[in-house]
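Peer 1: predicted model and sequence below, questions to follow.
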Amino acid sequence: MDILFNMRAFVCVAETGSFTAAAQRMDLTTSYISRAVATLETHLRTRLLHRTTRRIALTEAGQRYLLRCEQILGYIEEAEAEASEAHARPVGNLKVHAMTGIGQHYLIKAIAQYSDKYPDVSFDLTLANRTTDILDEGYDISVVIAQELPDSGFISKQLGTTYSVLCASPGYLEKHGAPRLPADLSKHRCLRLVNNVMSLDKWLFDGPDGQELVSVNQTPFQVNTADAMTEAIKAGMGVGVLPVYSAISGLQDGSLIRVLPNHSLFPLGIYALYPSRQFLDAKIRTWVEFLREFLPERVAADEKAVAEHSLKLGAARG
């Protein structure tokens, strides 16, 4: 039994005053409407309407039930309108997971600008250096960096690409000298950034002579966030790999020096992951579209700044 349809039929009969008028309004046959109301009465074991050959009237129970039906159907209409609006207009809370570095360095600014454009969307942002099960953990979208994505069944959109650079502090280089080739790193204190994005014990360099793989088996220090690695490098603990967005500030203020400036490491894609493409909520759709415009521009600006720093460094050494 379709209880909601039967309730709508009953309300329509009560409003129009006849089964015939109700059938015309609902574009159905009079007998179909009559059966719907009779089925509802059987289900409730209560007579809702007094019927005569000339008119119908609500029973006392029917009057009470009519009020409840109108409330219930009104709530359903509101819920349907709200759901349809969510598909058409960005509104509501957006629960976002992002990896820590990209979240701190890019997404906070992105959220601020997005919120100016779509003020009816609020954000619940969680930063964690791991991939997440969006459905199990209740996220609308996850922003991750990865060399390649596992087969998760989620929809993925690439937002941009980035890479990492090798850095040391001025004090460390003054004391230990700067490596000229990736192979020279065997003589240096190499610090490891340990997470599910970068390889633990091998650094793959991409330079003028192609790719070169360097093993980093012995290390005096390892840590799981790029910001903590930045502080360790600044403190002179050794040479370490940093994503461009984590290195840029230190390179510009001189607290970091890029090592092997003609080489880059760990090319990474930046991705948005979300559960479904069909009937995508407007706030998710517009957030992904916004990030696809926002992120490449910001990443490119940081990479340009790093490249300019490398050129200045090379000129100074020359």
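Peer 2: Thanks, I have it. Numbers count the residues shown, from 1 in each chain.
Peer 1: dihedrals phi and psi, the residue nearest to residue 208 when sequence neighbours are not counted?
Peer 2: Nearest residue to residue 208 in three dimensions, chain neighbours excluded: residue 262, at 5.6 Å (C-beta to C-beta, 6 or more residues apart in numbering). Bear in mind the C-beta positions are built from the backbone N, C-alpha and C, glycine included. Per-residue torsions, residue 262: phi -90, psi 10 (degrees, to the nearest 10).
Peer 1: for the one 10 residues further on, same thing?
Peer 2: Here the main-chain torsion angles of residue 272 (degrees, to the nearest 10) amount to phi -110, psi 130.
Peer 1: and for residue 206?
Peer 2: Per degrees, to the nearest 10, the backbone of residue 206 is at phi -120, psi 110.
Peer 1: give the contact list for it.
Peer 2: Each residue near residue 206 by C-beta atoms under 8 Å, 6 or more residues apart in numbering is listed here: 163, 263, 264, 265, 267.
Peer 1: of those, closest to residue 156?
Peer 2: Minimum distance to residue 156 across the contacts of residue 206 is 17.0 Å, recorded for residue 267 (C-beta to C-beta).
Peer 1: in three-state terms, how would the closest one be classified?
Peer 2: Put simply, residue 267 is strand when judged by DSSP: H, G, I helix; E, B strand; the rest coil.
Peer 1: just checking, it touches residue 165?
Peer 2: No - in this structure, residue 267 is not within contact of residue 165 by C-beta atoms under 8 Å, at 11.7 Å.
Peer 1: more neighbours, these two?
Peer 2: residue 165 (26 against 12; other C-beta atoms under 10 Å).
Peer 1: where's the more buried one, which helix or strand?
Peer 2: Secondary structure assignment for residue 165, by DSSP states H and E: strand 155-168.
Peer 1: give me the contact list for the following helix or strand past that strand.
Peer 2: Per DSSP H and E, the first helix or strand lying C-terminal to strand 155-168 is helix 170-176. The contact list for helix 170-176 (C-beta under 8 Å, 6+ apart) reads 188, 189, 233, 236, 237, 238, 239, 254, 255, 257, 259.
Peer 1: counting contacts, what elements does the helix or strand following helix 170-176 pack onto?
Peer 2: Going down the chain from helix 170-176, the next helix or strand is strand 190-193, by DSSP H and E. Here strand 190-193 touches strand 222-223, helix 226-234, strand 239-243, going by 3 or more C-beta pairs under 8 Å, 6 or more residues apart in numbering; DSSP states H and E.
Peer 1: who are the contact partners of residue 267?
Peer 2: Counting by C-beta under 8 Å, 6+ apart, residue 267 touches 147, 161, 162, 163, 206.
Peer 1: isn't the third one right next to residue 306, touching?
Peer 2: Right, residue 162. No - assessed by C-beta under 8 Å, residue 162 is found out of contact with residue 306, at 10.4 Å.
Peer 1: quick check: neighbours shared by those two?
Peer 2: Joint contacts of residue 162 and residue 306 (C-beta under 8 Å, 6+ apart) are residue 244.
Peer 1: tell me the pLDDT of the residue nearest the centre of the chain.
Peer 2: When C-alpha atoms, centre = their mean is applied to the chain, the residue found nearest the centroid is residue 141 (2.6 Å). Predicted confidence (pLDDT) for residue 141: 92.
Peer 1: and it, backbone torsions?
Peer 2: Here is the backbone geometry of residue 141 (degrees, to the nearest 10): phi -160, psi 150.
Peer 1: hey, what's it bridged with?
Peer 2: Residue 141 forms beta bridges with residue 96, as assigned by DSSP bridges.
Peer 1: under the pLDDT cut-off, which ranges of the stretch 101-250 of the chain? List them.
Peer 2: Scanning the stretch 101-250 of the chain for pLDDT under 70 picks out 150-151, 196-200.
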